[in-house]
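Colleague: sequence plus predicted model, see below.
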Amino acid sequence: MEILIVVTLFAIIASLGHALVSMSSGPTDSKAMVRALTIRITLSVALFAMLMIGWYTGHLQPHGLQ
């Protein structure tokens, strides 16, 4: 479960980088930027769902500050 979360985080960062490159290339490639940002939002929602499912099932345990 933890590996899947880390892979999802890297995929979110890669998608954000792709959107940045698309945005830097000018207005001609705006569809690629929108697609990359849509993928990033989808991955972020999936990451949140994985965290909630992992916490609910007991695979992920929060630890408080001591």
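Modeller: Looks like it came in fine. Quick caveat: nothing in here was measured; it's all calculated off a predicted structure.

Colleague: send me the one helix or strand residue 21 maps to as CSV with only the CA atoms.
Modeller: Secondary structure assignment for residue 21, by DSSP states H and E: helix 2-24. C-alpha atoms of helix 2-24 as CSV (Å, rounded to 0.1, in the frame of the first residue of the first chain):
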residue,chain,number,x,y,z
GLU,A,2,2.8,2.4,0.9
ILE,A,3,4.6,1.8,-2.4
LEU,A,4,1.4,2.5,-4.3
ILE,A,5,1.0,5.8,-2.5
VAL,A,6,4.6,6.8,-3.2
VAL,A,7,4.2,5.9,-6.9
THR,A,8,1.1,8.0,-7.1
LEU,A,9,2.9,10.9,-5.5
PHE,A,10,5.6,10.7,-8.2
ALA,A,11,3.0,10.4,-10.9
ILE,A,12,1.3,13.6,-9.6
ILE,A,13,4.6,15.5,-9.7
ALA,A,14,5.4,14.2,-13.2
SER,A,15,1.9,15.3,-14.4
LEU,A,16,2.4,18.7,-12.9
GLY,A,17,5.8,19.0,-14.6
HIS,A,18,4.3,18.0,-17.9
ALA,A,19,1.7,20.7,-17.5
LEU,A,20,4.4,23.2,-16.7
VAL,A,21,6.3,22.3,-19.9
SER,A,22,3.1,22.5,-21.9
MET,A,23,2.3,25.9,-20.4
SER,A,24,5.8,27.2,-21.2
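
Colleague: pLDDT weak spots in this protein?
Modeller: Scanning the chain for pLDDT under 70 picks out 29, 65-66.

Colleague: centroid-nearest residue for it?
Modeller: Central residue of the chain (C-alpha atoms, centre = their mean): residue 12, 3.2 Å from the mean position.

Colleague: what's the closest non-adjacent residue to that residue?
Modeller: residue 43 (4.8 Å; C-beta to C-beta, 6 or more residues apart in numbering). In this view, the C-beta of every residue, glycine as well, is placed from N, C-alpha and C.

Colleague: thinking again about what came up before, surely the residue nearest to the centre of the chain meets residue 41?
Modeller: No - assessed by C-beta atoms under 8 Å, residue 12 is found out of contact with residue 41, at 9.3 Å.
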